[in-house]
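*Asks:* Structure for the following, please:
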Amino acid sequence: MTEVIIVRNEDEAGEIYARCVAGLIKAKPDCVLGLATGSSPLAGYRHLARLVKDEGIDVSGVRGFALDEYAGLDPNHPESYRSVITRTVVEPLGLDPAKVHVPNGNLDTIRDAGHEYDAAIEAAGGVDVQILGIGTDGHIGFNEPGSSLASGTRIKTLTEQTRIDNARFFDGDIDQVPTHCITQGIGTIMKARHLILMAFGDGKAEAVAETVEGGVSSLCPASVLQLHPHATVIVDEAAASRLRNKDYYRWAYAHKPAWQGI
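*Replies:* This next block holds a predicted model:
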């Protein structure tokens with residue numbers, strides 16, 4: 001089953017993620033990190049950057065693959081995911097920019113970009129740890145409700161709700177939010193060896209409950225995590241508020257052998 005860790009706040013969640021990934025980098029210096037944008041992963045990146053600096057961790061060999069990119073948005077636009085990943089991950093951690101990849105949203109070549117991206121991930125040996133956020137409708141990456149649970153990287157049409165949710169990154173103007181994206185598919189995401197989903201706040205409570213305790217369905221794309229052999233969901237009290245088995249999740253984590261990590 002999916003491991004659920006209920007934390008006090010985003011900082012505690014970020015510390016858990018950072019310790020996991022720092023340990024991975026030390027054990028496997030050329031590891032492959034799956035990178036996500038949005039607000040949920042930021043605490044994880046912030047704490048990981050601190051550990052890299054404080055412990056002198058060599059990240060020169062670390063590789064990365066982003067989940068998605070807006071279609072048709074200039075890569076130099078401040079809200080392109082190329083720019084966001086550079087700003088929130090590559091620069092704070094000191095990663096080699098040439099080793100961090102983002103799907104190609106160029107409209108002239110986007111027809112073949114998905115297959116090429118999946119091939120690049122496979123050639124790199126696959127993703128070791130993939131960090132995920134979750135939308136209020138249960139989407140992961142930009143795999144909106146109804147997405148195939150076996151899908152590869154491809155172009156998708158964003159729902160109106162996702163565009164409304166993301167308008168905050170575009171000065172609150174939904175008209176600036178692109179209507180399409182290129183995203184890793186659910187099948188691609190599921191190939192990562194470890195999935196870590198982070199969610200915070202009341203607005204994510206229903207999606208988290210459906211993900212962890214609902215039926216596996218394309219109506220809640222994140223519910224596919226129930227089928228993954230190593231998936232971890234880290235949530236604060238508000239995001240966990242609709243979980244029925246909260247007491248068990250707390251008990252299990254409190255009594256987990258330290259050597260298991262997450």
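*Asks:* which secondary element of the protein has the worst mean pLDDT?
*Replies:* Least confident element among the helices and strands of the chain, by mean pLDDT, DSSP states H and E: helix 160-166 (a mean of 87).
*Asks:* which element follows that helix toward the C-terminus?
*Replies:* Using DSSP states H and E, the helix or strand that follows helix 160-166 towards the C-terminus is strand 180-183.
*Asks:* could you point out which element follows that following strand?
*Replies:* Using DSSP H and E, the helix or strand that follows strand 180-183 in sequence is helix 186-189.
*Asks:* can you give me the mean pLDDT across that following helix?
*Replies:* Mean per-residue pLDDT for helix 186-189: 98.
*Asks:* who's the residue nearest the centre of the chain bridged to?
*Replies:* Nearest to the geometric centre of the chain sits residue 132, at 2.1 Å (Cα atoms, centre = their mean). Residue 132 has these beta-bridge partners by DSSP bridges: residue 197.
*Asks:* how close does residue 83 get to residue 77?
*Replies:* Distance of residue 83 to residue 77, computed by Cβ to Cβ, to the nearest Å: 6 Å. Heads up, the C-betas are built off the backbone N, CA and C, glycines and all.
*Asks:* quick one on the thing from earlier: what are the contacting residues of the least confident helix or strand of the chain?
*Replies:* Contact partners of helix 160-166, identified using Cβ atoms under 8 Å, 6 or more residues apart in numbering, comprise 135, 136, 137, 139, 142, 144, 158, 174, 177, 179.
*Asks:* The residue nearest to the fourth one when sequence neighbours are not counted: neighbour count?
*Replies:* What it means is residue 139. Excluding its sequence neighbours, the residue lying closest to residue 139 (Cβ to Cβ, 6 or more residues apart in numbering) is residue 221, at 5.4 Å. By the criterion of other Cβ atoms under 10 Å, residue 221 has 31 neighbours.
*Asks:* Would you mind giving me the confidence score for residue 221?
*Replies:* Model confidence at residue 221, given as pLDDT, is 97.
*Asks:* Contact partners for it?
*Replies:* With Cβ under 8 Å, 6+ apart as the criterion, the residues that contact residue 221 are 138, 139, 140, 143, 144, 145, 147, 149, 186.
*Asks:* What about the closest residue to the fifth one other than its chain neighbours, how many residues nearby?
*Replies:* Looking back up the chat, that one is residue 144. Nearest non-adjacent residue to residue 144, counting by Cβ to Cβ, 6+ apart: residue 159, 5.0 Å away. Using other Cβ under 10 Å, residue 159 has 17 neighbouring residues.
*Asks:* pLDDT at residue 159, what is it?
*Replies:* pLDDT for residue 159: 85.
*Asks:* Show me the strands in the stretch 51-200 of the chain, by range?
*Replies:* Using DSSP state E, counting those that start in this stretch, the strands of the stretch 51-200 of the chain run over 63-66, 68-70, 100-101, 129-132, 154-157, 180-183, 194-199.
*Asks:* Mind listing what's buried along the biggest helix by length in the chain?
*Replies:* Using DSSP state H, we find that the single longest helix of the chain is helix 10-27. Buried residues in helix 10-27, counted by 16 or more other Cβ atoms under 10 Å: 10, 13, 14, 15, 16, 17, 18, 20, 21, 22, 24, 25.
*Asks:* Show me what the helix or strand just after that helix is packed up against.
*Replies:* Going down the chain from helix 10-27, the next helix or strand is strand 32-35, by DSSP H and E. Under the contact criterion of 3 or more Cβ pairs under 8 Å, 6 or more residues apart in numbering; DSSP states H and E, strand 32-35 touches strand 63-66, strand 129-132.
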